[in-house]
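Participant: sequence plus predicted model, see below.
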Amino acid sequence: MKKIAVVLSGCGVYDGTEIHEAVMTMYAIEKNGAVYQCFAPDIEQAHVVNHILGEVVQESRNVLVESARICRGKILPLSDFSAEDYDALVFPGGFGAAKNLSNYAFSSDDFTVIDEVANAIQEMITVQKPVGAMCIAPVLLAAVLSDALVTVGADEGTALAIEQAGAKHIKTGKGQVTIDQKHRVYTTACYMQDKTLVEIAASTDNLIRTMLRDMK
């Protein structure tokens, strides 16, 4: 049975993981006959957002602790990740990918990822195992793999930032998965383009099915 590592970035679209994308990813993994293990970095969030008001509040929260809410506490620190133990690695989206896993939200002209994310991606690429990313999370791949081929749908601003980082962006429609055969990187736009939970479920399922198909 294939085992997929899912990297979370907090809990909530504006300051952490996009919850719908995370849950639909885990559902798609089980639906397609694989199992998952969630990870998150044990760091403080960049900031905390009141999701009703959309405003930053004066609180401090931990990314690992908040991410644990999504997976019922069954989570490991990202520092424990080893490519030897998993068949694939997946990053759901949400602003946490751009604020906690990287600094893209604050420095789109010259963005970097945190060391644990870079190490996990590089480990998987070295052993030629697939890496998936959705929504805004493909910027993580662009930061680590300068010649990666990725998609964020049709978002021109993010596409430009990806290409300025040296990667190549492919414009896609709803539910489509872009495959970088060289690096074994798989990306889909999800909430960068999709609007409903049904569409998110279809996009995440397409991504996971495509990755699992290519692992056979």
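Facilitator: Alright, I've got the coordinates.
Participant: helix/strand/coil for Glu66?
Facilitator: helix (DSSP: H, G, I helix; E, B strand; the rest coil).
Participant: what's the neighbour count on it?
Facilitator: Glu66 is flanked by 22 other residues according to other CB atoms under 10 Å. Backbone N, C-alpha and C define where each C-beta goes, glycine included.
Participant: residues contacting it?
Facilitator: Neighbouring residues of Glu66 by CB atoms under 8 Å, 6 or more residues apart in numbering: Gly10, Cys11, Gly12, Gly16, Ala40, Gln45.
Participant: what's the answer for Tyr191, then?
Facilitator: Counted by CB under 8 Å, 6+ apart, Tyr191 has contacts Val13, Glu18, His20, Glu21, Gly93, Cys135, Ile200.
Participant: the last one: how many residues sit nearby?
Facilitator: Read that as Ile200. 25.
Participant: quick check: buried residues in the helix or strand where it lies?
Facilitator: According to DSSP states H and E, Ile200 maps onto helix 197-215. The neighbour-count check on helix 197-215 (16 or more other CB atoms under 10 Å) flags 199-208, 210-212 as buried.
Participant: which sections of this structure are below the confidence cut-off?
Facilitator: Scanning the chain for pLDDT under 70 picks out 216.
Participant: who does the most centrally placed residue in it bridge with?
Facilitator: In the chain, the C-alpha nearest the mean C-alpha coordinate belongs to Phe91, at 2.2 Å (CA atoms, centre = their mean). Judged by DSSP bridges, the bridge partners of Phe91 are Ala133.
Participant: helices of the protein, residue ranges please.
Facilitator: Read by DSSP state H, the chain holds these helices, from start to end of the chain: 19-31, 63-67, 95-99, 115-126, 138-144, 156-164, 197-215.
Participant: out of those helices, flag the one nearest Ser82.
Facilitator: Ser82 lies closest to helix 115-126 among the helices of the chain, at 7.2 Å (CB to CB).
Participant: what packs against that closest one?
Facilitator: strand 3-7, strand 88-91, strand 131-134, helix 138-144 (3 or more CB pairs under 8 Å, 6 or more residues apart in numbering; DSSP states H and E).
Participant: for the last one, packing partners?
Facilitator: Meaning helix 138-144. Counting contacts by 3+ CB pairs under 8 Å, 6+ apart, helix 138-144 packs against helix 95-99, helix 115-126, strand 131-134, strand 149-150, helix 156-164, strand 185-188.
Participant: then the third one?
Facilitator: Contact here means 3+ CB pairs under 8 Å, 6+ apart; on that basis strand 131-134 packs against strand 88-91, helix 115-126, helix 138-144, strand 185-188, helix 197-215.
Participant: for Glu123, see how far away the residue nearest to Arg209 when sequence neighbours are not counted is.
Facilitator: Spatial nearest neighbour of Arg209, chain neighbours left out: Asn32 (5.6 Å); criterion: CB to CB, 6 or more residues apart in numbering. With distances taken as CB to CB, to the nearest Å, Asn32 is found 23 Å from Glu123.
Participant: how about Glu199?
Facilitator: 32 Å.
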